[in-house]
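Engineer: Dropping the sequence and predicted coords here.
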Amino acid sequence: MTAESDPDRDTPVDFANLLARVADKDAQAFRELHDATRPRLFALIYKVVRDVGYAEETLQEVYLEIWMKADTYRPELGKPLSWLMMLCHRRAVDRVRSEERLRRKTALLAMISCDVDAASADEPVLLRDEYQRLMRHLSALTNLQRQSINLVYFADLTQREAAKHLNILVPALKTRLRDGVLRLRTQMRSEV
């Protein structure tokens, strides 16, 4: 097994050996691996998520995954540091997608609700209540409107992807979305 160079250290780090020891639940090896990789892995995650707090949380999740799944690393498939970076990249992309889904749902609620504004939409209880109201009113939409809203706002598809899935043109999808949002807004306002 060869040691890889770490530009921040004078001596090469044997990541494969550290991972093998981490797989055996060696806490000292985990600390060494953490110390040797943290700056590089944090930088990679930060490049994707663009938020220090999310990058820190995501990195913690990655280190937990490393501790739990170090035994799944296969040297024949690539270098240890590449494996660690792949774990980070996947987790960071998942974080961005998750935040985008939440942003879309919040934006939809803000568009249709008369008592949720951009500032209060971040409050979890209010958001949950508004979400439940929205789900009740979705059943009153036409099937086409409901499908369009579900695909774009809840299934995390782009408008182009949703239109392709429904086998319609993007302008037709936009019309369904607009009409559905207007109808939801009217229904939810009449409920207040």
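Structural biologist: That came through, no problem.

Engineer: Going by neighbour count, list what's buried in the helix or strand containing R40.
Structural biologist: R40 belongs to helix 27-49 when assigned by DSSP states H and E. For helix 27-49, burial by neighbour count (16 or more other C-beta atoms under 10 Å) applies to 29-30, 32-34, 36-37, 40-42, 44-46, 48-49. (Each C-beta comes from the backbone N, C-alpha and C, glycine too.)

Engineer: Just to check, F15 is in contact with G78?
Structural biologist: No: if you go by C-beta atoms under 8 Å, F15 and G78 don't touch, sitting 11.2 Å apart.

Engineer: of the two, who's got more company?
Structural biologist: When F15 and G78 are compared for neighbours, F15 comes out ahead with 25 against 12, by other C-beta atoms under 10 Å.

Engineer: how close does the nearest residue to R183 once chain neighbours are set aside get to E161?
Structural biologist: The shortest distance from R183 to any non-neighbouring residue, by C-beta to C-beta, 6 or more residues apart in numbering, is to L141 (5.9 Å). To E161, L141 is 20 Å away according to C-beta to C-beta, to the nearest Å.

Engineer: Of those two, give the one with the bigger neighbour count.
Structural biologist: Set L141 next to E161 and count neighbours by other C-beta under 10 Å: L141 wins out with 20 against 14.

Engineer: does W67 really touch F30, like I thought?
Structural biologist: Yes: W67 lies in contact with F30 (C-beta under 8 Å); the separation is 6.1 Å.

Engineer: joint contacts of those two?
Structural biologist: V22 (C-beta atoms under 8 Å, 6 or more residues apart in numbering).

Engineer: confidence score at D51?
Structural biologist: What the model reports as pLDDT for D51 is 92.

Engineer: List phi and psi for it.
Structural biologist: phi -150, psi 130 (degrees, to the nearest 10).

Engineer: doesn't I168 fall inside a helix?
Structural biologist: No: counting by DSSP: H, G, I helix; E, B strand; the rest coil, I168 falls outside a helix, being coil.

Engineer: what's the spacing between it and D179?
Structural biologist: 14 Å.

Engineer: Repeat that for Q187.
Structural biologist: 13 Å.

Engineer: Quick check: longest helix in the protein by residues?
Structural biologist: helix 80-112 (DSSP state H).

Engineer: Now do that one: which elements does it pack against?
Structural biologist: If you count contacts as 3 or more C-beta pairs under 8 Å, 6 or more residues apart in numbering; DSSP states H and E, helix 80-112 packs onto helix 15-23, helix 27-49, helix 52-69, helix 124-138, helix 170-191.
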